[in-house]
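Participant: quick one: sequence plus predicted model below, questions after.
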Amino acid sequence: MNTLNDTKHINLLYVEDNETTRELTLGILEHFFENITVAVDGQDGLEKFKSNNINFVITDIFMPNMTGIEMIREIRKIDESVYIVAITANSDNDSFMNTFELGVQGYIIKPLKMEQFNRIIKSAIEHINSIAQVKILDQYKDITDKSSIISKTNPKGIITYVNDKFCEISDYTKDELVGKPHNIVRHPDMPAAAFKQIWDTIQSGKLWVGEVKNLKKDGTFYW
């Protein structure tokens with residue numbers, strides 16, 4: 001069961017021209033979402049999309065001033081990744097195909113059935129949350145790559161990856177490091193026994209913390 005805590009970062013744009021339908025559906029959506037922007041037609045929806053940080057859109061198709069399809073087409077020019085759910089009628093095959101071509105991810109079929117509605121909404125929430133997690137991990141990787149020296153090896157100690165910061169500090173290129181034993185950067189002041197302790201700790205699944213003196217390509221060292 002999704003709660004408002006699961007959707008605090010989701011900004012929903014709900015577009016519907018029929019006042020009765022809009023009020024009834026909004027009452028349901030408020031159980032799922034805290035941040036809801038409401039629009040009364042496609043033109044209103046497009047303007048509100050532009051002025052708000054929207055990452056989820058639910059829209060009717062047939063509306064005055066600008067149809068849902070026209071609005072979706074304009075939104076896709078602005079943001080190709082925003083999650084969109086279209087409300088369609090069973091007999092509206094042309095509109096269904098048009099929304100499919102525009103990359104709409106979900107469909108709510110009229111007349112609205114609560115089981116289907118809940119399933120589509122929960123699926124959208126899970127998808128948006130998974131994308132948000134990927135973005136957070138990408139941001140974390142970007143931050144650590146810029147601020148930390150990072151290297152990876154296989155269980156035999158052969159380097160499989162180094163980040164740019166590692167190359168910058170060691171003076172080696174990636175081509176000179178990847179595929180080589182990690183002891184290519186071991187300073188003579190660091191005894192082999194010290195590295196055995198590091199490896200034994202890591203291979204046991206524990207975290208090793210300490211200072212290591214490494215050798216740069218030019219013969220100087222870094223910690």
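Facilitator: Looks like it came in fine. This structure is a prediction, so every number in the text was calculated from the model and none was measured.
Participant: okay, and the residue nearest the centre of the chain sits in which element?
Facilitator: Nearest to the mean C-alpha position of the chain, by CA atoms, centre = their mean, lies residue 131 at 2.7 Å. Element membership of residue 131, judged by DSSP states H and E, is helix 114-147.
Participant: about what we covered before: count of neighbours near the closest residue in space to the residue nearest to the centre of the chain that isn't next to it in sequence?
Facilitator: Among residues not flanking residue 131 along the chain, residue 81 sits closest, at 7.5 Å (CB to CB, 6 or more residues apart in numbering). All C-beta atoms are positioned from the backbone trio N, CA, C, and that covers glycine. Applying other CB atoms under 10 Å, we find 9 residues neighbouring residue 81.
Participant: helix, strand or coil: sort out residue 81 for me.
Facilitator: Three-state call for residue 81 (DSSP: H, G, I helix; E, B strand; the rest coil): coil.
Participant: I figured the residue nearest to the centre of the chain was touching residue 56, is that so?
Facilitator: No. Contact criterion CB atoms under 8 Å: residue 131 and residue 56 do not qualify, at 10.8 Å.
Participant: run a quick neighbour tally on residue 154.
Facilitator: Other residues close to residue 154 by other CB under 10 Å number 9.
Participant: relative to residue 165, how far out is it?
Facilitator: Here the criterion is CB to CB, to the nearest Å. By it, residue 154 lies 21 Å from residue 165.
Participant: gap between residue 11 and residue 222?
Facilitator: Distance of residue 11 to residue 222, computed by CB to CB: 45 Å.
Participant: right, and the helix or strand after the least confident helix or strand in the chain by mean pLDDT?
Facilitator: Every helix and strand of the chain was ranked by mean pLDDT, DSSP states H and E. The lowest is helix 93-101, at a mean of 72. Where DSSP H and E defines the elements, the next helix or strand beyond helix 93-101 is strand 106-110.
Participant: so which bits of that following strand are buried?
Facilitator: 106-109 (16 or more other CB atoms under 10 Å).
Participant: same list as before, those that is, but in JSON lines and with distance to residue 85 and pLDDT included.
Facilitator: Shown next, in JSON lines, are the buried residues of strand 106-110 (distance: CB to CB, whole Å; pLDDT from 0 to 100):
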{"residue": "106", "distance to residue 85": "4", "pLDDT": "86"}
{"residue": "107", "distance to residue 85": "7", "pLDDT": "87"}
{"residue": "108", "distance to residue 85": "6", "pLDDT": "86"}
{"residue": "109", "distance to residue 85": "11", "pLDDT": "83"}
